[in-house]
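> would you be able to build a 3D model of this:
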Amino acid sequence: MQQAASAAFAPLRLTTEDFDFDGGIRYATAGGLLVADITGNPGGVWRPQRLITSSDPELYKFSLHLSGSCMLGQDGRHTVVNPGDLVVYDTTRPYGLVYGTTYRTVVVGVPRDRLAGQASALRQAIARPTETDAGLRRVVAGMLNGLAEDLDATVAEGGTQLADALLSLLGKVFTGDARLTDPRTSMRERVVAYCEANLGDPDLSVEMIAQVHGISQRYLHKLFAGSGTTIAALIRTRRLQRIRDDLADPGQATVPVAAIAARWGVLDPTHVSRLFRAVYGTSPIGYRRQLLDQFPR
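Numbering: from 1, shown residues only. Next up, the predicted model:
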């Protein structure tokens with residue numbers, strides 16, 4: 001289970017008090033989010049500093065505890081999380097969970113850049129559980145309970161729409177961000193989330209995004225007026241960032257630049273080389289070579 005949990009989220013260390021370990025993890029992805037149903041025996045889940053590297057996924061983990069209590073610690077805070085509690089913690093910093101009984105929890109892994117605008121508020125919410133007995137929190141708990149009961153089918157049917165809904169609801173629960181109640185801001189958040197989840201689609205375009213969200217192209221452009229970017233620039237920037245990240249991965253050193261670019265929806269090698277040089281001051285091949293030269297042969 002340690003290997004499976006590490007592969008799903010980020011490297012972890014698991015300990016158990018029982019020799020006959022009985023637990024497991026089921027997970028699926030929806031619109032760029034990872035949703036997992038996890039069960040386990042009494043023991044601990046740890047992410048120490050020595051396991052954290054710059055190549056790890058940077059995630060917020062939102063966890064709804066369905067059964068069993070645990071002690072959660074991160075950023076100097078230590079708190080008890082009970083059944084029905086919803087809590088958030090961050091994979092970019094060390095944390096630990098200690099379970100005194102068998103447990104079941106639903107965890108949603110959200111890339112941190114998907115909630116970049118709420119980073120300050122989320123930092124304050126880390127390791128501070130909230131009860132899900134009323135209002136919007138009860139709605140979120142009901143959604144996560146439903147996911148746990150029929151994970152694969154629910155995610156397959158919900159896809160990007162499910163991810164959009166989860167992002168919006170979790171943002172409201174943990175940050176109290178009043179901007180999220182504004183229809184234009186909410187729609188812009190949904191559009192950004194959709195773009196993030198579909199960067200690899202070469203057909204991703206203003207026309208496609210507007211059609212999927214049931215709005216006009218004119219209104220789509222208005223959503224980003226005053227935000228400091230355009231929808232086309234956002235897509236271009238995020239694709240280049242993803243290409244750069246893959247070029248920096250030693251495990252992909254033999255993957256052709258054209259294949260990496262195509263993975264992120266850019267099919268013209270000349271085009272990606274020109275854009276990459278304009279932003280980063282060197283070609284994709286030059287960027288990769290500079291990084292490889294830092295490692296001894």
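> can you give me the helices in the stretch 151-297 of the chain?
Using DSSP state H, counting those that start in this stretch, the helices of the stretch 151-297 of the chain run over 151-175, 183-197, 206-212, 217-223, 231-247, 257-263, 269-280, 284-292.
> export those as JSON lines, with columns for distance to Arg50.
(C-beta placed from N, C-alpha, C; glycine too.) Output for those, formatted as JSON lines (distance: least, CB to CB, whole Å):
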{"stretch": "helix 151-175", "distance to Arg50": "28"}
{"stretch": "helix 183-197", "distance to Arg50": "30"}
{"stretch": "helix 206-212", "distance to Arg50": "42"}
{"stretch": "helix 217-223", "distance to Arg50": "43"}
{"stretch": "helix 231-247", "distance to Arg50": "23"}
{"stretch": "helix 257-263", "distance to Arg50": "30"}
{"stretch": "helix 269-280", "distance to Arg50": "31"}
{"stretch": "helix 284-292", "distance to Arg50": "23"}
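> can you give me the end-to-end distance of stretch 254-272?
By CA to CA, to the nearest Å, the extent of stretch 254-272 from end to end equals 18 Å.
> that stretch: which residues count as buried?
Val257, Ala258, Ile260, Ala261, Ala262, Arg263, Trp264, Gly265, Val266, Val272 (16 or more other CB atoms under 10 Å).
> same deal with stretch 236-248?
Neighbour-count burial for stretch 236-248 [16+ other CB under 10 Å]: Arg238, Arg239, Leu240, Arg242, Ile243, Arg244, Asp246, Leu247, Ala248.
> what distance do you get for the closest residue to Ala125 other than its chain neighbours to Asp90?
Nearest residue to Ala125, sequence neighbours excluded (CB to CB, 6 or more residues apart in numbering): Phe174, at 4.5 Å. In this view, Phe174 and Asp90 are 12 Å apart by CB to CB, to the nearest Å.
> equivalent analysis for Arg123, please.
From Arg123 over to Asp90 (counting by CB to CB), the distance is 8 Å.
> comparing the two, which residue is more hemmed in?
When Arg123 and Asp90 are compared for neighbours, Asp90 comes out ahead with 20 against 12, by other CB atoms under 10 Å.
> beta partners of Val107?
Ala36, Ser63 (DSSP bridges).
> who touches it in this structure?
Neighbour list for Val107: Phe9, Val35, Ala36, Ile38, Lys61, Phe62, Ser63, Leu64 [criterion: CB atoms under 8 Å, 6 or more residues apart in numbering].
> right, and the last one touches Ala141 too?
Yes: if you go by CB atoms under 8 Å, Leu64 and Ala141 touch, sitting 5.9 Å apart.
> shared neighbours, those two?
Gly84, Leu86, Thr132.
> and these, which is closest to Tyr95?
Leu86 (16.0 Å; CB to CB).
> wasn't the closest one part of a strand?
Yes: counting by DSSP: H, G, I helix; E, B strand; the rest coil, Leu86 falls inside a strand.
> list the contacts of it.
62-65, 129-132, 137, 140-141, 144, 173.
> redo the residues you listed as CSV? Include distance to Ile231.
Converted to CSV, the contacts of Leu86 look like this (distance: CB to CB, whole Å):
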residue, distance to Ile231
Phe62, 27
Ser63, 33
Leu64, 33
His65, 38
Pro129, 37
Thr130, 34
Glu131, 38
Thr132, 35
Arg137, 32
Val140, 28
Ala141, 34
Leu144, 31
Val173, 27
